[in-house]
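Kindly generate the corresponding structure for this input.
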Amino acid sequence: MKNSLSVAAAVATTLALGTASAADLRIYPSFTEVRQPVTATGTSLNVTLPQSAWESVLPGSLDLEGLPFSSAAQTLQSNWLSGLEGQTVFLRRGDTTEPVTLVRARDLLVRDAQGRFFNVRFEDLSFSAAPPLNPQSPSQTLTYTLPRAGTGTLTYLTRAVTWSPRYTLNASSAGANLTALADLRNTTDLAYDVQNTELYAGDVTVQANPQAEAAGFAADTVMRAVPATAAPVPKIQSQGELRGLTRYDLTTPFTLPANSVITLPFLTPKLSRFERYAGLDTYFGTGTRTGTLNRSYRLEADQRLPAGPLTVREDGRLVGQTTLPDTRKGGTIDFSLGEDPDIEYTRTTAQTAQVKDAKGNVTKTTYKVTYAFESSKDRAVRAEITERIGGRIITIDTMAPVKNQGTANLRVDVPAKGKVSKSFTVVIDNS
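The predicted model follows:
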């Protein structure tokens with residue numbers, strides 16, 4: 001069984017199988033559209049894939065474009081080892097090797113020269129001819145019945161091939177820069193000789209295939225490195241926006257080996273904004289709270305950033321990881337990497353006014369919220385607090401009233417080894 005996509009045409013029952021063309025891949029974050037040019041010289045077209053590849057194909061996604069067909073039948077083909085049933089193979093026992101007969105490939109049942117039956121391990125068997133890759137894996141064949149010969153394109157969606165960017169933010173006292181790599185993953189035994197490659201970033205929903213997803217997660221543990229070749233290394237070029245998706249193209253053909261990850265340079269966006277601060281995102285409450293602020297960052301880039309994991313380094317040292325969401329050009333990205341024990345806060349709330357209706361029910365309450373900060377750092381740090389407040393009508397300081405939920409934002413510079421406080425007033429009107 002060949003571990004590459006095999007598409008062949010047969011005329012009646014006598015002509016040999018034809019040859020396959022290189023595939024085009026349109027790779028999305030969670031699936032890929034495979035587009036395989038095919039030529040049928042007769043009235044039958046056979047498509048054979050390893051079983052692991054079939055398990056990753058989304059149900060109902062197989063199609064034959066530009067080549068009419070009257071029917072399609074899918075059948076499970078026996079694996080290579082099953083073809084040796086009843087034949088002699090060789091069993092290693094310690095330092096000796098003896099011929100045995102393979103009785104049943106499914107559970108590796110053999111019979112020795114004395115007529116005894118027993119099960120063996122595949123690793124203990126040897127053969128007169130070299131076995132293919134994954135000799136115990138079956139394959140699936142899809143046979144199209146055609147009214148006439150012709151050319152077309154076989155298309156299907158698979159969870160086995162995906163891509164994702166990953167970012168590194170390198171920061172220092174001199175500033176920061178952001179770089180990105182793109183990982184192209186193939187989690188099956190199927191290799192692809194790719195002619196044209198398109199990468200798409202964005203939110204695309206397709207039919208779920210939990211079985212394929214489980215196979216993909218398992219395959220992540222057996223990925224192998226791709227050996228270096230003399231072929232030109234593809235480069236990734238942006239092709240603009242397509243109805244909310246961002247498209248990138250690879251500049252040259254390449255081979256995506258089975259069970260592999262290919263990593264390519266992706267983006268080097270310029271940061272138009274980069275800030276460090278000590279942050280806290282919280283909700284309103286009337287009780288006293290104490291705690292520490294978080295190590296937070298804010299950045300903006302000069303191009304769209306597809307979603308992906310982000311590694312942050314300060315002066316070359318790893319300080320945390322997070323995930324960037326899909327972000328438009330110039331969009332603000334805020335994230336935190338954990339607590340900063342050097343900056344503590346105490347939050348207190350004082351009720352300053354209250355209004356009741358004729359029945360004595362409270363309809364409006366005014367609070368003064370105070371944050372007291374204390375820093376043990378030897379440099380000043382910007383502290384930023386975002387506090388969400390619920391109610392029918394919310395008024396924060398002199399801001400215009402808002403309905404259902406308001407947001408208070410505090411910004412204050414905490415001096416080196418010093419203390420500072422800042423307050424805001426909130427009116428909650430539930431009348």
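
where along the stretch 251-400 of the chain do the strands fall?
254-256, 260-265, 271-283, 289-301, 308-314, 317-324, 332-356, 362-375, 381-396 (DSSP state E, counting those that start in this stretch).

The stretch 101-250 of the chain now?
Using DSSP E, counting those that start in this stretch, strands in the stretch 101-250 of the chain cover 109-111, 117-119, 125-126, 139-145, 150-158, 161-172, 175-186, 192-201, 236-242, 245-250.

Same list (these) but as CSV, adding distance to Arg317 and mean pLDDT.
C-beta here means a position set from N, CA and C on the backbone, and glycine is covered the same way. Formatted as CSV, those follow (distance: least, C-beta to C-beta, whole Å; pLDDT from 0 to 100):
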stretch, distance to Arg317, mean pLDDT
strand 109-111, 57, 94
strand 117-119, 54, 95
strand 125-126, 51, 93
strand 139-145, 49, 84
strand 150-158, 39, 90
strand 161-172, 10, 96
strand 175-186, 14, 95
strand 192-201, 30, 91
strand 236-242, 29, 83
strand 245-250, 31, 91
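
looking at those strands, which is closest to Thr39?
Counting by C-beta to C-beta, Thr39 lies closest to strand 150-158 out of the strands of the stretch 101-250 of the chain; the figure is 4.9 Å.

Would you mind listing the buried residues in the closest one?
Using 16 or more other C-beta atoms under 10 Å as the burial criterion, the residues of strand 150-158 that qualify are Gly152, Thr153, Leu154, Thr155, Tyr156, Leu157, Thr158.

one step back: could you export the strands of the stretch 251-400 of the chain as a markdown table, including distance to Asp107?
Output for these, formatted as a markdown table (distance: least, C-beta to C-beta, whole Å):
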| stretch | distance to Asp107 |
| --- | --- |
| strand 254-256 | 34 |
| strand 260-265 | 31 |
| strand 271-283 | 57 |
| strand 289-301 | 56 |
| strand 308-314 | 42 |
| strand 317-324 | 44 |
| strand 332-356 | 51 |
| strand 362-375 | 68 |
| strand 381-396 | 61 |
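
Can I get those in TSV including mean pLDDT, distance to Leu410 and mean neighbour count?
Listed next are the strands of the stretch 251-400 of the chain as TSV, based on pLDDT from 0 to 100; distance: least, C-beta to C-beta, whole Å; neighbours: other C-beta atoms under 10 Å:
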stretch	mean pLDDT	distance to Leu410	mean neighbour count
strand 254-256	89	51	20
strand 260-265	93	41	16
strand 271-283	96	9	16
strand 289-301	97	11	19
strand 308-314	96	24	18
strand 317-324	96	23	14
strand 332-356	95	10	15
strand 362-375	95	6	17
strand 381-396	95	4	18
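
just to revisit the earlier point, so which of the buried residues of strand 150-158 would you say is closest to Gln74?
Using C-beta to C-beta, the buried residues of strand 150-158 come closest to Gln74 at Tyr156, 12.1 Å.

how close does the closest one sit to Thr255?
Remark: distance between Tyr156 and Thr255 (C-beta to C-beta, to the nearest Å) = 19 Å.

same question, Lys235
Distance from Lys235 to Thr255, by C-beta to C-beta: 16 Å.

next one: Tyr144
From Tyr144 to Thr255 the distance is 27 Å (C-beta to C-beta).

Could you do Arg148 as well?
Counting by C-beta to C-beta, the gap from Arg148 to Thr255 is 33 Å.

now swap in Thr365 and tell me
From Thr365 to Thr255 the distance is 68 Å (C-beta to C-beta).

can you redo the buried residues of strand 150-158 as CSV with distance to Ser336?
Converted to CSV, those look like this (distance: C-beta to C-beta, whole Å):
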residue, distance to Ser336
Gly152, 52
Thr153, 47
Leu154, 47
Thr155, 43
Tyr156, 42
Leu157, 37
Thr158, 36
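
Of all pairs in those residues, which one is the farthest apart?
Gly152 and Thr158, at 18.8 Å, using C-beta to C-beta across the buried residues of strand 150-158.

from the middle of its chain, how far away would stretch 189-196 be?
Computed by C-alpha atoms, centre = their mean, to the nearest Å, the separation of stretch 189-196 from the middle of its chain amounts to 20 Å.

which of the residues in it are buried?
Applying 16+ other C-beta under 10 Å to stretch 189-196 flags Asp189, Leu190, Ala191, Tyr192, Val194 as buried.

and the last one, how far is that from Gln36?
Using C-beta to C-beta, one obtains 11 Å as the distance from Val194 to Gln36.

quick one: pLDDT of the residue nearest to Gln195 when sequence neighbours are not counted?
Leaving out its chain neighbours, the residue that sits closest to Gln195 by C-beta to C-beta, 6 or more residues apart in numbering is Ala22, at 3.9 Å. Note on Ala22: pLDDT of 74.

Wait, Ala22 touches Asp193, no?
Yes - here Ala22 reaches Asp193: they are 4.7 Å apart, a contact under C-beta atoms under 8 Å.

okay, and the common contacts of the two?
Pro253 (C-beta atoms under 8 Å, 6 or more residues apart in numbering).

Need the three-state assignment for Glu55.
Here Glu55 is helix, with the state taken from DSSP: H, G, I helix; E, B strand; the rest coil.

count of neighbours near it?
Neighbour count for Glu55, taken as other C-beta atoms under 10 Å: 19.

So for it, what's the pLDDT?
With respect to pLDDT, Glu55 has a value of 84.

The one 3 residues further on too?
Reading off the confidence values, Leu58 has pLDDT 90.

Could you find the closest non-adjacent residue to it?
Counting by C-beta to C-beta, 6+ apart, the residue nearest Leu58 is Leu157, at 4.2 Å.

surely that neighbour meets Gly60?
No - counting by C-beta under 8 Å, Leu157 does not reach Gly60; the two are 9.0 Å apart.
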